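**Q** Need coordinates for the following:
(chains A, B and C)
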Amino acid sequence: MAEFKNKLFEQMVKDFAETEVKPLAQEIDEQERFPMETVQKMAKLGMFGIIVPTQYGGAGGNYPMYINAVEELSKHCATTGVVLSAHTSLCVAPILEYGTEEQKAKYLPKLSSGEKIGAFALTEPNAGTDAGNQQTVAVECDDHYVLNGSKIFITNAGYASVYIVIAVTGKLPKGVEMTAFIVDSEMPGFSVGKKEKKMGIRGSSTCELVFENVVVPKANVLGKRGDGFKIAMKTLDGGRIGIAAQALGIAEGALDATIQYVKSRKQFGKPLSAFQNTQFVLADLATKIAAAKGLVGVATNAKQNKLPTLSVNAAQAKLFAAETAMEVTTKCVQLHGGYGYTREYPVERMMRDAKITEIYEGTSEVQRMVISGALLRK
Amino acid sequence: MAKNIFVFCEQRDGEIQSVALELLGVAKQLATVSGEQVCALLLGSNVADKASQLVAYGADVVYVVDDVNLAQFVTEPYTQAITQIAREYQPNAMLFGATSIGRDLAPRLSARLKTGLTADCTQLEIDQDGNLFMTRPAFGGNLFATIVCPEHKPQMSTVRPGVMKMMEPDYNRQGEVVSKTIAWDKSKFVVEVVEEVKEVQTVEKIEEAKLLVSCGRGVKDLTEAQNLATKLGGTVSASRCLVDAGMVDHNRQVGQTGKTVRPQVYFAFGISGAIQHLAGMEESEYIVAVNTDKSAPIFKVANLGIVADAQAVIKQLNKLI
Amino acid sequence: MKIIVCIKQVPNTTEIKIDPVTNTLKRDGVPSIINPDDKAALEVALQLKENCGAHVDVVTMGPQQAEVALREALAMGADNAYLLTDRAFAGSDTLATSTIIASAIKKLGADVVLCGRQAIDGDTAQVGPQIAEHLDIPQVTYASQVDYVDGALVVKRQFEDRYQTLRVATPCLVTVLSSAYKPRYMNVADIVAQDQKQVEAITFNDVVVNPEDIGLKGSPTKVKSTATKQFDKQIATYELGAEEAAKLIVDTLKQKHLI
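**A** Residues are numbered from 1 along each chain as shown, chains lettered A, B, ... in the order given. Below you'll find the model as predicted:
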């Protein structure tokens, strides 16, 4: 029997994005405001538990549906896209994959319903791309660990109440031992610090997290002690597909807006779309977007089917989609001319939003390291 | 044999609706071709005195059912009354206004009389044998279909208000007025009217309107524009400058920073047509632009452009419609 | 309470274009949607289900491709879906269509039948009242609000210049205005769950209906001819006094059937 779910989901999320997300995009960007009302609507529809099995209160959907959602949301508002991506890829997914039965039963229903938003904390002031240089420490003490240190650039911080936190739990002959913890925002000693003022995705909340003697029960260790670095890297493999989808959505949204513009804007007595320069630029951009979409599809399939190529597939998808988003939005602003530089048209915002996709969850340089590393390891 | 053209003459609170008079006008033209009579159906309570008006507008015979059961419009009593008359007189054709009453009543009747019905016609023609050709828009007005109902009588149609031309009334015209009594089956009267409240329709969303009276800098007084919109069954929208001036609410703004609209008819009154405005409306099906500036860009997208004072044209349109 | 919602799959007419060469409608690639008024009727049914525990079935008549419209209804929260499909049904006008749908409703049984006021591809608003007549139940059309109070429906019925509040006992049929009810989005869990449900086919053999009353044979009305709207791509601009201008506008729009 033919399955309809992916088709219906695409229809729903497209409709939702156009009707509910698009009208707010400019406002939340200008006001640097977290789109709480949209998040609540998404929660009601079950969009925060797309990939969670029904037994844990999720929708029982699949990875392609989730990626499709990030893409469609990001066509109109990259902020809304990353809220879902960080929640799903970086918090829900690792709990699903590495969590104990108790942890899944405790956290997944509320994360699925959207009652709780999830986030992920790896980056530190001195540990960005060099993620091994962690300084947040967790000291074992009876039935718990005591967490001290700080994290920066944490997406969804302040609005999330469940955080996957990577911390140092010991020394190894080479480097340090890292462990992943599930940290509740209600735990005493946990606080949200400085909020970043960003170039793009300005409605997304990006803050510092501070841990001062936070007591984390051993029951909240995700995976085994010492698995932290592996869990972080695997989690980021999944997360990169979400960011690739976000980048793809931004590029598609910019192209759509630009096609509309060049058809209506007239110069020298004809629409911009009648000029060959416009036509060729659009053709190139559409082709790159199609290629990016293909790579996102390959990576999504790898994730859904747990293929060993996932890490490289995800890196390639993110690298190419992010650089495509940057190129597409830059050229779309150019095609808009002076109007493109104003906030009257959405491409200005999209160009600012696109830049982050080349940076977070592994810069483009890191993606190249992942890809080349796999090539040369053979 | 089925004969004559019957017209359901809708009245509300005892007032004959203009669509009924329009239908009498077209029915008279048709009846002349087919050699038939125009028979008006006048249903209501305390409405018998309106029969002479129907004669003046073209009815040859008026069948009056003046009954307290018809005081307010409810589908079943109206259906029973017309069914009884139709079975007795065997009309060749029956016309209804395509109003919220006509479009409720006519389909119910067509199913009871087991005959065909064509909705929302904008053109009616007839041949000498009394075959009716009913033309109606389809697919949102992209297509026109001519429908016939060759083997069933009466041939039924609802007709769009405002399209047909009413006759000049002639109060010296002679017509027959026949009062009818209906044998009600009251066991079917199961819909109870709890209340009926008159209201001015709240305005719909401009994106959903089929007709927009859009105003720009060239319109100083919106009351006339509002009247015109109401008469045409449309809605008022505006360009950005009226919104910025606080004359119109933002949710009625057409254009890049407002709404994108594509109504069947878009009136651009006193709108110059900046690109941001055009982006929001140029896909409208038919654009009428009125502006004093001959070189205004709005004229490049208008199907019908008129260089004139918008406010004055609106005023004249209100007189004419 | 058992509710049957009649829905129709229609081309999204806002995207329909006319082929300039053949003068026919370009339907290729035009997405199909659930008719907006019908979707509002489904929303009414789902709200009644939430508020007083109704069972909601959806019915559509159409080709196999209409299954996706029923699937969408299931993903919005309908319980069961039925597709009326048979060669014998093809070519039906509104009267024949209403005969077929009424026969299916008789078979399935319903306390309340909900339809959209009219479909955007036909704009007839006829099938709902005709179904009601075939079922011999009362109808209320142009509903902008529907509530279930003390065993009866209380319906706000819109007219151009007024509204009525009507109380109607079940069984009855109500046609709903899309402007009054914003349909919910499909829910992700229901989107996934609908793949486990069957869309049941109802064919000619499953219903009690006279073959003379359906299809082309059972349709009193016939399409004699069609014509596309002629657009004068030529743009005409006139310099006129206000009075003449108004007359020209009215005449032109009337001639084009636009007012």
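
**Q** Only C-alpha atoms from now on, for both contacts and neighbour counts.
**A** Noted.

**Q** quick one, what contacts residue 89?
**A** Picking chain A for this. Taking Cα atoms under 8 Å, 6 or more residues apart in numbering or on different chains, we find A:S89 in contact with A:T235, A:L236, A:G238, A:G239, A:G242.

**Q** You answered for a different chain; I wanted chain C.
**A** C:T97, C:I100, C:F204, C:I214, C:G215.

**Q** which helix of chain A spans the most residues?
**A** helix A:228-264 (DSSP state H).

**Q** Tell me the spatial nearest neighbour of residue 60, not counting adjacent residues.
**A** Since you didn't name a chain, this refers to chain A. Spatially, and ignoring its direct neighbours in sequence, A:G60 is nearest to A:P53 (4.1 Å; Cα to Cα, 6 or more residues apart in numbering or on different chains).

**Q** actually chain B
**A** B:G175 (4.7 Å).

**Q** just to revisit the earlier point, check which element follows the longest helix of chain A along the chain.
**A** strand A:266-267 (DSSP states H and E).

**Q** ok, back up a step: from chain A, how far out is the residue nearest to B:D60?
**A** 58 Å (Cα to the nearest Cα, to the nearest Å).

**Q** my read: that residue touches B:Y57, true?
**A** No: counting by Cα atoms under 8 Å, B:G175 stays clear of B:Y57, with 10.5 Å between them.

**Q** So for those two, which sits in the more crowded spot?
**A** Neighbours per residue (other Cα atoms under 10 Å in any protein chain shown) separate B:G175 from B:Y57, with B:Y57 holding more: 22 against 18.

**Q** Nearest residue to that one in space, please, no chain neighbours.
**A** B:P169 (4.8 Å).

**Q** now C:E43
**A** That would be C:P183: by Cα to Cα, 6+ apart, it lies 5.2 Å from C:E43.

**Q** For the one you found, which residues are in contact?
**A** C:K39, C:A40, C:L42, C:E43.

**Q** Neighbours of the third one, how many?
**A** The number of residues packed near C:L42 is 31, by other Cα under 10 Å.

**Q** Could you measure from it over to chain A?
**A** In terms of Cα to the nearest Cα, C:L42 sits 16 Å off from chain A.

**Q** That residue against C:V113, yeah?
**A** No: using Cα under 8 Å, C:L42 is not in contact with C:V113, being 10.4 Å away.

**Q** who touches both of these two?
**A** Joint contacts of C:L42 and C:V113 (Cα under 8 Å, 6+ apart) are C:V5.

**Q** For chain A, list the residues in contact with chain C, please.
**A** Residues of chain A found near chain C (Cα under 8 Å from any Cα of the partner chain) are A:3-5, A:8-9, A:12, A:16, A:45-47, A:50, A:58-61.

**Q** Can you tell me which one of those residues sits lowest on pLDDT?
**A** Lowest-confidence member of the residues of chain A next to chain C: A:E3, scoring 90 (pLDDT).

**Q** Let me know the secondary structure of that residue.
**A** coil (DSSP: H, G, I helix; E, B strand; the rest coil).

**Q** Spit out the contact partners of it.
**A** C:D195.

**Q** switch the cut-off to 10 Å
**A** A:E3 makes contact with C:V192, C:Q194, C:D195, C:Q196, according to Cα atoms under 10 Å, 6 or more residues apart in numbering or on different chains.

**Q** Would you mind measuring from the third one to chain B?
**A** To chain B, C:D195 is 32 Å away according to Cα to the nearest Cα.

**Q** phi, psi of A:G193?
**A** phi -100, psi -140 (degrees, to the nearest 10).

**Q** Pull the contacting residues for the residue of the stretch 151-259 of chain C found nearest chain A.
**A** Chain A sits closest to C:A189 of the stretch 151-259 of chain C, with a gap of 4.0 Å, by Cα to the nearest Cα. The contact partners of C:A189, taken as Cα under 10 Å, 6+ apart, are A:5, A:45-47, A:49-50, A:53-54, A:57-61, C:75-77.

**Q** quick one: secondary structure of B:P263?
**A** Going by three-state DSSP: B:P263 is coil.

**Q** What number of residues are in the vicinity of the closest residue to it other than its chain neighbours?
**A** Among residues not flanking B:P263 along the chain, B:K210 sits closest, at 4.5 Å (Cα to Cα, 6+ apart). Neighbour count of B:K210, defined by other Cα under 10 Å: 20.

**Q** the helices in the stretch 101-250 of chain B, which residues?
**A** For the stretch 101-250 of chain B, the helices defined by DSSP state H, counting those that start in this stretch occupy B:102-113, B:222-231, B:240-244.

**Q** where in chain C is pLDDT low?
**A** C:13-28, C:229-235 (pLDDT under 70).

**Q** who touches A:V39 in this structure?
**A** A:V21, A:L45, A:M47, A:F48, A:T80, A:V83, A:L84, A:G114, A:I117.

**Q** Local confidence estimate at the nearest residue to A:A17 once chain neighbours are set aside?
**A** For A:A17, ignoring the flanking residues on the chain, the nearest one in space by Cα to Cα, 6+ apart is A:L73 at 5.2 Å. With respect to pLDDT, A:L73 scores 98.

**Q** my read: A:L73 touches A:L24, true?
**A** No: counting by Cα atoms under 10 Å, A:L73 stays clear of A:L24, with 11.6 Å between them.

**Q** the more surrounded of the two?
**A** A:L73 (29 against 16).

**Q** my read is the more buried one is in a helix, agree?
**A** Yes: applying three-state DSSP, one finds A:L73 inside a helix.

**Q** Quickly note the distance from it to C:I33.
**A** 21 Å (Cα to Cα, to the nearest Å).

**Q** quick one: average pLDDT of stretch B:38-54?
**A** 97.

**Q** ok, back up a step: list the ones among the contacts of C:P183 that fall in helices.
**A** C:K39, C:A40, C:L42, C:E43.

**Q** Break down the chain into its helices, ranges please.
**A** Going with chain A. A:5-16, A:22-31, A:36-44, A:63-76, A:78-87, A:93-98, A:101-113, A:228-264, A:276-304, A:310-336, A:347-357, A:364-377.

**Q** That was the other one, I meant chain C.
**A** C:36-52, C:67-76, C:94-108, C:127-135, C:188-193, C:242-255.

**Q** Pick the most buried one from these.
**A** With neighbours defined as mean count of other Cα atoms under 10 Å in any protein chain shown, the helices of chain C peak in mean count at helix C:127-135, which reaches a mean of 26.

**Q** and that one, C-alpha only, in CSV?
**A** Extracted C-alpha coordinates of helix C:127-135, given in CSV (Å, rounded to 0.1, in the frame of the first residue of the first chain):
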residue,chain,number,x,y,z
VAL,C,127,-25.3,19.4,-4.0
GLY,C,128,-25.8,20.0,-0.3
PRO,C,129,-29.5,20.9,-0.4
GLN,C,130,-30.1,18.2,-3.0
ILE,C,131,-28.6,15.6,-0.8
ALA,C,132,-30.8,16.8,2.1
GLU,C,133,-33.9,16.5,-0.1
HIS,C,134,-33.0,12.9,-1.2
LEU,C,135,-32.5,12.0,2.5
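
**Q** Just want the angle from it to helix B:102-113.
**A** 30 degrees (axes from the mean of the first three to the mean of the last three Cα atoms, to 10 degrees).

**Q** on contacts alone, who are the packing partners of helix C:127-135?
**A** The contact analysis (3 or more Cα pairs under 10 Å, 6 or more residues apart in numbering or on different chains; DSSP states H and E) places helix C:127-135 against helix B:102-113, helix C:94-108, strand C:112-116, strand C:139-149, strand C:172-176.

**Q** sorry, back to before: from the ones in helices among the contacts of C:P183, which single one is nearest chain B?
**A** When the ones in helices among the contacts of C:P183 are compared against chain B (criterion: Cα to the nearest Cα), the nearest one is C:A40, at 15.0 Å.

**Q** Hmm, C:Y185 and that closest one touching each other?
**A** No: using Cα under 10 Å, C:A40 makes no contact with C:Y185, being 11.6 Å away.

**Q** where are the low-confidence patches of the stretch 151-300 of chain B?
**A** B:200-204, B:257.
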